[in-house]
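Engineer: What follows is a protein structure lacking sequence information:
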């Protein structure tokens, strides 16, 4: 059974940091590109960042460039999202997503085949 399980969300003050984790199981996710999306209340789900299978290529939305960093664990079936200098507008449910290609296909939801349940990130001002 394919599973993506996020953890690490919570409440943090503006300017603070959080680290999200996504543990993938059920397939050889170490061969696949993975990413993070987020959805704020009343808004559509939006792309945050993605990483290719090896971790050698990363992609970021303009809104998080320079503040967020995506990485893969040694076994490559875990993906991390380090979020620094958090802003109230970063408040959202953050979702881990996995493609079934080794390369980055794009920033649209349809470019990803598996999804986690999401973890809430709340940034207070």
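Structural biologist: That came through, no problem. Bear in mind that the values here come from a model prediction, so they are computed numbers and not experimental data. Numbers count the residues shown, from 1 in each chain.
Engineer: I'd like to know the beta-bridge partner residues of residue 58.
Structural biologist: residue 51 (DSSP bridges).
Engineer: you'd agree it is up against residue 51?
Structural biologist: Yes: with contact defined as C-beta atoms under 8 Å, residue 58 counts as touching residue 51 (5.1 Å). Using the backbone N, CA and C atoms, a C-beta is placed for each residue, glycine as well.
Engineer: Compare these two and say which one has the larger neighbour count.
Structural biologist: residue 51 (24 against 16; other C-beta atoms under 10 Å).
Engineer: three-state assignment of the most centrally placed residue in the chain?
Structural biologist: The chain has residue 36 as the residue nearest its centroid, 2.2 Å off, counting by C-alpha atoms, centre = their mean. At residue 36 the chain is in strand, as set by DSSP: H, G, I helix; E, B strand; the rest coil.
Engineer: What about the closest residue to it other than its chain neighbours, how many residues nearby?
Structural biologist: Nearest residue to residue 36, sequence neighbours excluded (C-beta to C-beta, 6 or more residues apart in numbering): residue 48, at 4.4 Å. When counting by other C-beta under 10 Å, one arrives at 25 neighbours for residue 48.
Engineer: Strands of the protein, residue ranges please.
Structural biologist: 3-7, 10-13, 18-25, 34-39, 46-51, 58-60, 68-72, 78-83, 92-98, 114-115, 119-124 (DSSP state E).
Engineer: Of all those strands, which one is nearest residue 105?
Structural biologist: Relative to residue 105, the nearest member of the strands of the chain by C-beta to C-beta is strand 46-51, separated by 8.7 Å.
Engineer: Output the contacting helices and strands for the closest one.
Structural biologist: Applying 3 or more C-beta pairs under 8 Å, 6 or more residues apart in numbering; DSSP states H and E, we find strand 46-51 packed against strand 34-39, strand 58-60, strand 68-72, strand 78-83.
Engineer: so can I have CSV of those showing mean pLDDT and distance to residue 4?
Structural biologist: Formatted as CSV, the helices and strands packed on strand 46-51 follow (pLDDT from 0 to 100; distance: least, C-beta to C-beta, whole Å):
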stretch, mean pLDDT, distance to residue 4
strand 34-39, 97, 8
strand 58-60, 98, 18
strand 68-72, 97, 14
strand 78-83, 97, 9
